[in-house]
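Q: dropping the sequence and predicted coords here.
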Amino acid sequence: MGSRAERYREIAEVFSVHGFGFVVSALGLSGRFPFHRIPRHASGQAYSRPEHVRMALEELGPTFVKIGQILSTRPDLMPPPYVRELSRLQDQVGPIPGADVMAVLTEELGSTAVFDTLERQPLASASIGQAHAATLDGVEVVVKVLRPGVVETVNQDLDILENLAQQAARRWDFARDHDVLGLVREFAETLHHELDYLREGRNAELFAQNFADDPAVHIPVVHWETTSSRVLTLERIRGIKIYDVDALTAAGIDRSELAERATGVLCRMVFEHGVFHADPHPGNFFVEEDGTLGIIDFGMVGTIDDELKETLGDILVAIVRGDTSRAASALLRLNQSPEKVNRAALKEDAGALIERFSGHSISDLPVSALINDILRMLRRHRLHLPNDLAMLFKMLVMAEGLGRRLDPDFQLAGVLAPFTRRLVLQRYSIDALRRRLGDVVDDVRQAGEDAPRLLQSLVDLVERGGPQLTLAPEELEHQRTHSQLAGNRIVAGLLAASFIHVAGGIVATSGTGRTAALRGPVAAASAGAAGLLGGYLAFSGRRRRRR
């Protein structure tokens, strides 16, 4: 590994040669090195700008290749031509020499003799590591070995990239507006996860637990006794790669059924387990001899929590119902960019989006087209998605592509429909309403506890001659009305929560005789009261927003 100064110079030269001298200048690198070392113009004009980006990243090695691959999963940040090109990134490194592989195994496991056999020729080689076939206690396994020195190289590169991002934020409006520093730190976290084979092993084990009740899904067993942060030993899965359509047909496998089954497994990961495979390219799926679906490579995994699921449910409901305001509000809730958003323009674009997909039900929405249109709108308004949601969108697009490779008539919406309907029903269920009202109650309680302290702080500030606040009579009247409305909403929320709690308790309690006879009417009355109060909350909230 060379010195930091040499690495800075190499980064500057590679990007300049590929036509990104303006980026080098914005990063403040052009003044660090002699100008003659940094060409002013790109060579090889036959290449497109996305191709130059890919080639530059490949030349700069493992860290930049991995960051490019991560960027290829972020269509909310990168236009489609760049996403497509970055998806083609290849590692320009040779295989790890056999002696180095043996040295790593000896350092991590104490000896290479723990394996019955170990093939010197790798099954696959990449910038981060490579995989070897082996046997362990008579069982076929795959041994993944981290490339020697890669952790140190990646750490140095990430440190340099963070420093460059800080400089860019000070010098370049684009970098500041797009929170490039935050993105670099986010990518660094993702990359560190991929450098830890213990984490990948835990991911594989989690997926195996999640599908323990499904014999049609096979997740490789982790052999922990021969696994460390630099070595991962997994059960070897054999079968037909899912993209080998001719072999699948020759084996008599129903490709249409397989398309629905494979994408259904991916949907279960998201909507039932909340943890999903974020890199479902066809090379990671096998069809075993008995038809079982084998899945490998859990280095890149995404998670989706209940709050994110609810927001996705809101977007779907808004599109199907044609509710522009709801769609715009849901998209804003997803935004992680610090930049201010033109809400009126976003609402107008959301209306155009809804118009394009009007007439579709949840079960026949063109999923990839919808996602791509949403992503274009997000890029136009400079909205940044949470990393996991961006990976989810990319995964769904890849899943639809996988399904259509197996069956040209495949529609992902048909597979998604039961999950999305359940998601929407859960979003508007009594339990969900009770939970949200419970959150309101907690917020009100916390505000009540904090109010005396905050009020005393304000009094102290005024007594010390602090900031003065002057309100005109009409402003005071507006504030009084607003406070009364807020108070009414809080009381209504508390009462609604109470009625829901009573209704739930009555329904859950078994009884006989008069108790059982009264249970239905009382529960219905309680639920009705909660509904009326909930309607008041919704009406007053809309009225307040219109003001």
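A: All right, it came through fine.

Q: identify the residue nearest Ala204 in space, chain neighbours excluded?
A: With sequence-adjacent residues excluded and distances taken as C-beta to C-beta, 6 or more residues apart in numbering, Ala204 is closest to Phe298, at 4.6 Å. (Each C-beta comes from the backbone N, C-alpha and C, glycine too.)

Q: what sits against that neighbour?
A: Residues in contact with Phe298 (C-beta atoms under 8 Å, 6 or more residues apart in numbering) are Glu200, Asn203, Ala204, Phe207, His277.

Q: just checking, the third one touches Trp224?
A: No. In terms of C-beta atoms under 8 Å, Ala204 does not count as a neighbour of Trp224; the distance is 10.8 Å.

Q: between those two, who's got more neighbours?
A: Taking other C-beta atoms under 10 Å, Ala204 and Trp224 do not tie; Ala204 has more neighbours (23 against 13).

Q: and Asn163, how far from Asp157?
A: According to C-beta to C-beta, to the nearest Å, Asn163 stands 11 Å off from Asp157.

Q: so what's the residue count around Leu258?
A: Around Leu258 there are 20 residues (other C-beta under 10 Å).

Q: rewinding a little: Asn163 and Asp157: who's more crowded?
A: Taking neighbours as other C-beta under 10 Å, Asn163 and Asp157 compare with Asp157 leading, 22 against 16.

Q: what helix or strand does that one sit in?
A: Asp157 belongs to helix 150-171 when assigned by DSSP states H and E.

Q: which is the next helix or strand following that helix?
A: helix 173-177.

Q: just want the angle from the very next helix or strand once past that next one to helix 150-171.
A: Following helix 173-177 in sequence order, the next helix or strand is helix 180-194 (DSSP H and E). Angle, helix 180-194 to helix 150-171, by axes from the mean of the first three to the mean of the last three C-alpha atoms, to 10 degrees: 170 degrees.

Q: what is the rounded mean pLDDT of the helix or strand that comes right after helix 180-194?
A: Next helix or strand after helix 180-194 toward the C-terminus (DSSP H and E): helix 197-210. Average pLDDT, helix 197-210: 98.

Q: angle of helix 197-210 against helix 180-194?
A: 80 degrees.

Q: elements contacting helix 197-210?
A: Packing partners of helix 197-210 (3 or more C-beta pairs under 8 Å, 6 or more residues apart in numbering; DSSP states H and E): strand 139-146, strand 231-235, strand 275-277.

Q: out of the ones you listed, which comes closest to Ala188?
A: strand 139-146 (17.3 Å; C-beta to C-beta).

Q: Ala134 should be in a strand, yeah?
A: Yes. Judged by DSSP: H, G, I helix; E, B strand; the rest coil, Ala134 forms part of a strand.

Q: ok, now which ones touch it?
A: With C-beta under 8 Å, 6+ apart, Ala134 has these contacts: Phe115, Asp116, Thr117, Leu118, Glu119, Glu140, Val141, Val142, Val143, Thr233.

Q: how about a cut-off of 7 Å?
A: Phe115, Thr117, Leu118, Glu119, Val141, Val143 (C-beta atoms under 7 Å, 6 or more residues apart in numbering).

Q: again, but for Arg405
A: Going by C-beta under 7 Å, 6+ apart, Arg405 touches Tyr243, Val245, Pro282.

Q: next: Glu119.
A: Applying C-beta under 7 Å, 6+ apart, the residues contacting Glu119 are His132, Ala133, Ala134.

Q: again, but for Ser368
A: Counting by C-beta under 7 Å, 6+ apart, the residues that Ser368 touches are Val397, Glu400.

Q: how close does it get to Ala103?
A: Taken as C-beta to C-beta, the span from Ser368 to Ala103 is 46 Å.

Q: likewise for Ser329?
A: Per C-beta to C-beta, Ser329 is found 57 Å from Ala103.

Q: Ile295 now?
A: 31 Å.

Q: give me the more crowded residue out of those two.
A: Using other C-beta under 10 Å as the criterion, Ile295 and Ala103 rank with Ile295 on top: 24 against 15.

Q: any idea what that one is bridged to?
A: Phe285 (DSSP bridges).

Q: now rank the contacts of Ala134 by neighbours and give me the top one.
A: Val143 leads the contacts of Ala134 on contacts (other C-beta under 10 Å) with 27 neighbours.

Q: wait, it touches Leu234, no?
A: No. Using C-beta atoms under 7 Å as the test, Val143 is too far from Leu234 to be in contact (8.1 Å).

Q: give me the phi and psi for Asp323.
A: Dihedral angles of Asp323 (phi, psi; degrees, to the nearest 10) stand at phi -90, psi 100.

Q: next, count neighbours for it.
A: By the measure other C-beta under 10 Å, the count of residues near Asp323 is 17.

Q: residue ranges in the stretch 51-200 of the chain under the pLDDT threshold?
A: For the stretch 51-200 of the chain, the stretches with pLDDT under 70 are 90-92, 177-178.

Q: please apply the same query to the stretch 351-500 of the chain.
A: Ranges of the stretch 351-500 of the chain meeting pLDDT under 70: 428-429, 432, 435-436, 439-445, 447-450, 454, 461-500.

Q: which residues are in contact with the residue nearest to the spatial centre of the chain?
A: Centroid-nearest residue in the chain: Asp388, 1.1 Å away (criterion: C-alpha atoms, centre = their mean). When contacts are counted by C-beta under 7 Å, 6+ apart, Asp388 touches Gly302, Thr303, Ile304.

Q: name the element it belongs to?
A: For Asp388, the enclosing helix or strand under DSSP H and E is helix 387-406.

Q: what's the first helix or strand after that helix?
A: For helix 387-406, the following helix or strand on the C-terminal side (DSSP H and E) is helix 412-427.

Q: run the chain-centre distance for stretch 406-424.
A: 20 Å (C-alpha atoms, centre = their mean, to the nearest Å).

Q: do stretch 175-193 as well
A: For stretch 175-193, the distance to the chain centre is 14 Å (C-alpha atoms, centre = their mean).

Q: and for stretch 192-209?
A: Taking mean C-alpha positions (C-alpha atoms, centre = their mean), stretch 192-209 and its chain are 17 Å apart.

Q: kindly report the same for stretch 272-282.
A: With C-alpha atoms, centre = their mean, you get 10 Å for stretch 272-282.

Q: contacting residues around that stretch?
A: So stretch 272-282 is contacted by 73, 206, 210, 241-243, 266, 269-270, 295, 297-298, 300-305, 391-392, 395, 398-399, 402, 405 (C-beta under 7 Å, 6+ apart).

Q: now Ala216: phi and psi?
A: phi -90, psi 0.

Q: per-residue confidence for it?
A: 96.

Q: need the nearest residue in space to it, chain neighbours excluded.
A: Ala216's closest residue in space is Thr292 (C-beta to C-beta, 6+ apart), at 5.7 Å.

Q: next one: Gln166
A: Leu181 (5.9 Å).

Q: got the contacts of Ala134 as CSV, with distance to Ala56 columns?
A: What follows is the contacts of Ala134, written out as CSV (distance: C-beta to C-beta, whole Å):
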residue, distance to Ala56
Phe115, 39
Thr117, 41
Leu118, 36
Glu119, 34
Val141, 37
Val143, 33
